[in-house]
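# Predicted model and sequence below, questions to follow.
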Amino acid sequence: MATIENILGYFSGSVPVLISGGGLFFTALLIHMLRRPAERVGLVDRPGGRKTHEGLIPLTGGLAIYGGFFAVSECAAEIVSPILLLAMGLVLVVGILDDLYGLSVRMRLAAEISAALTMAVWGGQMIYDLGDIVGTGSLPLGFFAIPFTVLCTVGFINAFNMADGIDGLAAGCALTTVGWFIVATSLDGLPVPASKWILLAAILGFMLYNSRHPLRKKASVFLGDSGSMLLGFTLAWFAIQMTGGDSPILSPIAIAWVLALPVIDTIRLMIQRASRGCSPFVGDREHLHHILLRMNLTHAQTSWLLVGVNASLGGIGVIGHHFGVPDLWLTLGFVGIFLRHSRWTTYVCHVPKTNGLIPPPSPTGLKALSLGKPYQPTDPELPGKLHKRQARRR
């Protein structure tokens, strides 16, 4: 009698997309199975402060995705790197401890650096050169390959963690990113590794319960720090893997386009926070998704809009690289997108704080995005109300 491993191995070798269905199934199953244990141990997100959701939401998305990925990877005919699974497990465990007890920034950074070093030194996944980003030829990193790889990995883990602010956004960006990795591999004429199909399906299984769609009005499970750190690290591993070897599938700048949205928004935020004299690591409500929400887009509109933007940016990098667009042009375009994003979020979409008073909406929905001037409150008495409220506080 054929074993489950033999059956799944047959499908993984002939039609990789079929075995990825196992990733979706196991992830969805674990989301259901982990709900009550998470409530018993306190692995839940409680509303309050910057968190506006209702009720206790399990923070088991990372556990479910890792469980689905691990279970199907062990059954696949193609061997998934045990070093990848080990490093993913390290990041996941530290993230769970952070969700439960709130670890310090130093402890989290130490764990992220350890995982990145494991990937670079033990796993052999490194950024060896930057490509022809300045038009003078390839820029090899030499001895700086390992520290630069660690810096990029840790930076992206935290950028992706910051993007996890509303239902479906982080998972949707991860889904489009893995999707472009698969497309790029196929365009290069290479077989797509089973690990990418499995991860794609595991993310999709999580999104069924985390994103807002006609069958679900709000998320019933969150990634938590464990899930966002896990996905951030795994995406970084696959991204760096695609730039290595004798024939890289994508250039580093093309990869930057695929990972663009979380990276651009995080860099912009850190620069703005530093310019105000604040710590770059202190949370606020100035992320791009917060700005769009203040422009009266719904959570679902904001999430799906930004997922679409992330997919579009990734398409520029992958299709541009495939058709031979020089790295220099892709670099200039990336810098231009960053500058445009910074200007748009700083001068066009910034909504003045009202100390708790919410002004009546001016534009509504997606119409707000077409405005070419800063948002202005429509209530003529609002300045007086704010003055009186501040006077009472004094």
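Sure, I can see it.

# Could you list the low-pLDDT ranges of the stretch 201-350 of the chain?
Scanning the stretch 201-350 of the chain for pLDDT under 70 picks out 279-281, 283, 348-350.

# need the helices for it, in chain order.
Ranges of helices in the stretch 201-350 of the chain, per DSSP state H, counting those that start in this stretch, are 224-243, 252-258, 260-275, 288-294, 299-322, 327-343.

# quick check, distance from the last one to the centre of its chain.
Relative to its chain's centre, helix 327-343 lies at 20 Å (C-alpha atoms, centre = their mean, to the nearest Å).

# helices or strands up against that helix?
On a contact count with 3 or more C-beta pairs under 8 Å, 6 or more residues apart in numbering; DSSP states H and E, helix 327-343 meets helix 252-258, helix 260-275, helix 299-322. Any C-beta I mention is one placed from the backbone N, CA and C, and that applies to glycine too.

# Pick the most buried one from these.
Mean neighbour count (mean count of other C-beta atoms under 10 Å) peaks for helix 252-258 among the helices and strands packed on helix 327-343, with a mean of 26.

# same for that one, what does it pack against?
Using 3+ C-beta pairs under 8 Å, 6+ apart, the elements in contact with helix 252-258 are helix 169-187, helix 224-243, helix 299-322, helix 327-343.

# Turn those into JSON lines, including distance to Ile65.
JSON lines is the format used below for the helices and strands packed on helix 252-258 (distance: least, C-beta to C-beta, whole Å):
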{"stretch": "helix 169-187", "distance to Ile65": "9"}
{"stretch": "helix 224-243", "distance to Ile65": "6"}
{"stretch": "helix 299-322", "distance to Ile65": "17"}
{"stretch": "helix 327-343", "distance to Ile65": "28"}
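
# of all these, which lies closest to Arg106?
The closest of the helices and strands packed on helix 252-258 to Arg106 is helix 224-243. By C-beta to C-beta, the value is 14.8 Å.

# Packing partners of the closest one?
On a contact count with 3+ C-beta pairs under 8 Å, 6+ apart, helix 224-243 meets helix 61-75, helix 82-101, helix 105-117, helix 145-163, helix 169-187, helix 194-210, helix 252-258.

# Check the offset of it from the chain's centre.
For helix 224-243, the distance from its own C-alpha centre to the chain's C-alpha centre is 8 Å (C-alpha atoms, centre = their mean).

# what's near enough to touch Gly333?
Contacts for Gly333 were tallied using C-beta atoms under 8 Å, 6 or more residues apart in numbering; they are Ile316.

# do you know how far it is from Ala254?
Distance of Gly333 to Ala254, computed by C-beta to C-beta, to the nearest Å: 11 Å.

# With distance to Asp265 added, can I get the helices and strands packed on helix 224-243 in CSV?
Formatted as CSV, these follow (distance: least, C-beta to C-beta, whole Å):
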stretch, distance to Asp265
helix 61-75, 21
helix 82-101, 21
helix 105-117, 19
helix 145-163, 7
helix 169-187, 11
helix 194-210, 20
helix 252-258, 14
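
# I'd like to know which of those helices lies nearest to Leu231.
Using C-beta to C-beta, those put helix 169-187 closest to Leu231, at 4.8 Å.
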